[in-house]
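Asks: next input, structure requested:
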Amino acid sequence: MEDIVQIKYALDTFYFLVCAVLVMWMACGFAMLEAGLVRTKSTTEILAKNISLFAIASVMYLLVGYYIMYSSDGGIFPSLGMLIGSENTLADVTAGGDDAPYYSARADFFFQIVFAGACMSIVSGAVAERMKLWAFLGFAVIMTGFIYPIQGAWSWGGGWLSELGYSDYAGSGIVHMAGAAAALAGVLLLGPRQGKYGANGQINAIPGSNLPLSTLGIFILWMGWFGFNGGSELKISDVASANNVAQVMVNTNLAAAGGLLAAMATARLLFGKTDLTMVLNGALAGLVSITADPLSPSALSAVLIGGVGGIIVVLSVLGLDRLKIDDPAGAISAHGSAGIWGVLAVPLTNAEAAFSSQLIGVLAIFAWVFIASLVVWGIIKLIIGIRVSPEEEYLGVDSVECGLEAYPEFTLKK
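Replies: Got it, this is the predicted structure:
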């Protein structure tokens, strides 16, 4: 019996760690997507933000974030317990029976860290090209250490939303909408890029520098999402869990495909052209839409859920532009608008979920993250400022904030 327990424990722990690595790899996907959607003069800073925020998330989640999110009776250990070597033992698992965690506590901790980092990555693209680097990093400390874990505790941590029946399998609302809400708060205080909006409601396109790089970023995110959703099953060592993981991964893939095709068709109908940026965000919106429940829908339902997300993201990008809310990466639309749809769509295929609980969850998470972020962004703005000067923005945040250029060959030499 002990041998079977040890095999299950090792298998689930290994699976959990592999999924966590896949989610960590999504950080590269976000970096590549955003680097391709900004101008050449903003590329170095966007890369610096993406790699730095992951380091910040890792440390802050260790020090306080995990404890805040999972310090209830349902938690495994406080964050600081990692510093003194807290871990499950064979006796713990054997004594726990069917309710025992069949995976390493540290594996769970690592898996939760990469989710916190993914949430913060969403903010990066929305505030690109005009935000001070250290203002962004300062916000990342508070977001990953406090704002994200507090609302996460309401649901995944066994809090009041969980008791209410709110269902969010892998985080359409908890991770993606939360990141979009924080991004929206920052963008509203930050204002649009120079030249983005003209007189009489004119909207000026500011093309990204490298669409092949953005396309690579979406492929990486698509791949990493199998760990994001698949790992949220938490184990794979029994028949039911293995079947669930297979269903989750099939639905994840089909939702991305549905979102991409729907966004492609919508863009073609609206613009008469196949806008690649809309196509890419369509795939992302499909992935976000299915994340709230990738297990319950049938394969065809997953395509439709993702497809609706793909339509929503195109309309949302256009709508935000009309409101003069400048989001260079379309992150607020892909993660926020599609995330809301994903959460509200859960009762359509999951009989155990109620629309009222889902709606309350959406409103509570969005309100908390948006208001808290608005306050934090406001304090940072008062202390050090959040936006570079018009002259610095014209020169580019790469040279101003980082002293380096991603594409020095393209710079005119005096």
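
Asks: where are the low-confidence patches of the stretch 101-250 of the chain?
Replies: 101-102 (pLDDT under 70).

Asks: tell me which other helices or strands the helix or strand encompassing Gln247 touches.
Replies: Per DSSP states H and E: Gln247 is located in helix 239-271. Applying 3 or more CB pairs under 8 Å, 6 or more residues apart in numbering; DSSP states H and E, one finds that helix 239-271 contacts helix 211-230, helix 276-291, helix 299-322. For the C-beta atoms, the positions are set from N, CA and C on the backbone; glycine is no exception.

Asks: need the winner for burial among those helices.
Replies: Highest mean neighbour count of the helices and strands packed on helix 239-271: helix 276-291, a mean of 30 (counted as mean count of other CB atoms under 10 Å).

Asks: give me the distance between the closest residue to Ile51 other than its chain neighbours and Phe226.
Replies: In space, and not counting its chain neighbours, Ile51 is closest to Ala31: 6.9 Å by CB to CB, 6 or more residues apart in numbering. Taking CB to CB, to the nearest Å as the measure, Ala31 falls 19 Å from Phe226.

Asks: so Ala334 sits right up against Ser289, yeah?
Replies: No - using CB atoms under 8 Å, Ala334 is not in contact with Ser289; the gap is 9.7 Å.

Asks: residue ranges with poor pLDDT in the stretch 301-414 of the chain?
Replies: Looking at the stretch 301-414 of the chain by pLDDT under 70, you get 411-414.

Asks: let me see the ranges of the helices in the stretch 1-150 of the chain.
Replies: 2-37, 43-60, 66-70, 90-96, 105-126, 133-142, 148-155 (DSSP state H, counting those that start in this stretch).

Asks: how far off helix 105-126 does the first one point, in degrees?
Replies: I take that to be helix 2-37. Taking axes from the mean of the first three to the mean of the last three CA atoms, to 10 degrees, helix 2-37 and helix 105-126 form an angle of 10 degrees between their directions.

Asks: which parts of stretch 244-257 are buried?
Replies: Of the residues in stretch 244-257, 244-245, 247-249, 251-257 count as buried by neighbour count, 16 or more other CB atoms under 10 Å.

Asks: now the two most distant members of those residues.
Replies: Maximum pairwise distance among those (CB to CB): 20.5 Å, between Asn244 and Ala257.

Asks: which positions in the host helix or strand of Leu189 come out as buried?
Replies: Take DSSP H and E as the rule and Leu189 turns out to sit in helix 178-190. Buried residues in helix 178-190, counted by 16+ other CB under 10 Å: 178-187, 189-190.

Asks: compute the inter-axis angle for it and helix 148-155.
Replies: Using the same axes, to 10 degrees: helix 178-190 against helix 148-155 is 140 degrees.

Asks: other SSEs contacting helix 178-190?
Replies: Short answer (3+ CB pairs under 8 Å, 6+ apart): helix 178-190 packs on helix 105-126, helix 331, helix 355-383.

Asks: residues making contact with the following helix or strand past the last one?
Replies: Translated: helix 355-383. Counting by DSSP H and E, the element after helix 355-383 in chain order, helix or strand, is helix 390-395. The contact list for helix 390-395, computed with CB atoms under 8 Å, 6 or more residues apart in numbering, reads 41, 129-130, 193-194, 387, 400.

Asks: stretch 4-22 now?
Replies: Counting by CB under 8 Å, 6+ apart, 88, 90, 93-94, 102-104, 107-108, 110-111, 113-114, 223-224, 226-228, 230-231, 234-238 sit against stretch 4-22.

Asks: can you give me the offset of that stretch from its chain's centre?
Replies: 24 Å (CA atoms, centre = their mean, to the nearest Å).

Asks: pull it out as CSV, backbone CA atoms only.
Replies: Taking C-alpha atoms only, stretch 4-22 is exported to CSV below (Å, rounded to 0.1, in the frame of the first residue of the first chain):
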residue,chain,number,x,y,z
ILE,A,4,1.2,2.7,-4.3
VAL,A,5,0.9,5.9,-2.2
GLN,A,6,4.5,6.8,-3.0
ILE,A,7,4.0,6.2,-6.7
LYS,A,8,0.8,8.3,-6.8
TYR,A,9,2.6,11.0,-4.8
ALA,A,10,5.6,11.1,-7.1
LEU,A,11,3.4,11.0,-10.3
ASP,A,12,1.1,13.8,-9.2
THR,A,13,4.0,15.9,-8.0
PHE,A,14,5.9,15.5,-11.3
TYR,A,15,2.8,16.3,-13.3
PHE,A,16,2.2,19.4,-11.1
LEU,A,17,5.8,20.6,-11.6
VAL,A,18,5.7,20.1,-15.4
CYS,A,19,2.4,22.1,-15.6
ALA,A,20,4.0,24.8,-13.5
VAL,A,21,7.0,25.0,-15.8
LEU,A,22,4.6,25.3,-18.8
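
Asks: element containing Lys235?
Replies: Using DSSP H and E, Lys235 falls outside every helix and strand.

Asks: quick check on it: phi, psi?
Replies: The phi/psi pair for Lys235 (degrees, to the nearest 10) reads phi -160, psi 170.

Asks: same question, Tyr197
Replies: Dihedral angles (degrees, to the nearest 10) for Tyr197: phi -120, psi 130.

Asks: which non-adjacent residue is nearest it?
Replies: Of all residues not flanking Tyr197 in the chain, Lys324 sits nearest, at 5.0 Å (CB to CB, 6+ apart).

Asks: does Arg322 touch Gln202 like I think?
Replies: No - under the criterion of CB under 8 Å, Arg322 makes no contact with Gln202, lying 11.1 Å away.

Asks: so when I look at the residue nearest to Tyr197, I'm seeing a strand, right?
Replies: No - secondary structure of Lys324 (DSSP: H, G, I helix; E, B strand; the rest coil): coil, not part of a strand.

Asks: just how off-centre is the helix holding Leu189 within its chain?
Replies: 13 Å.

Asks: hmm, Val248 and Glu233 touching each other?
Replies: Yes - Glu233 is within contact range of Val248, at 6.1 Å (criterion: CB under 8 Å).

Asks: touching both of the two, which residues are there?
Replies: Here Glu233 and Val248 have Leu295 as joint contacts, going by CB under 8 Å, 6+ apart.

Asks: tell me, how many residues neighbour His239?
Replies: No, residue 239 isn't His; it's Val. For Val239, the count of nearby residues is 7 (other CB atoms under 10 Å).

Asks: over to Glu352?
Replies: Neighbour tally, Glu352, other CB under 10 Å: 10.

Asks: for Pro207, same thing?
Replies: 9.

Asks: measure Ile383 to Phe139 for me?
Replies: Taken as CB to CB, the span from Ile383 to Phe139 is 12 Å.
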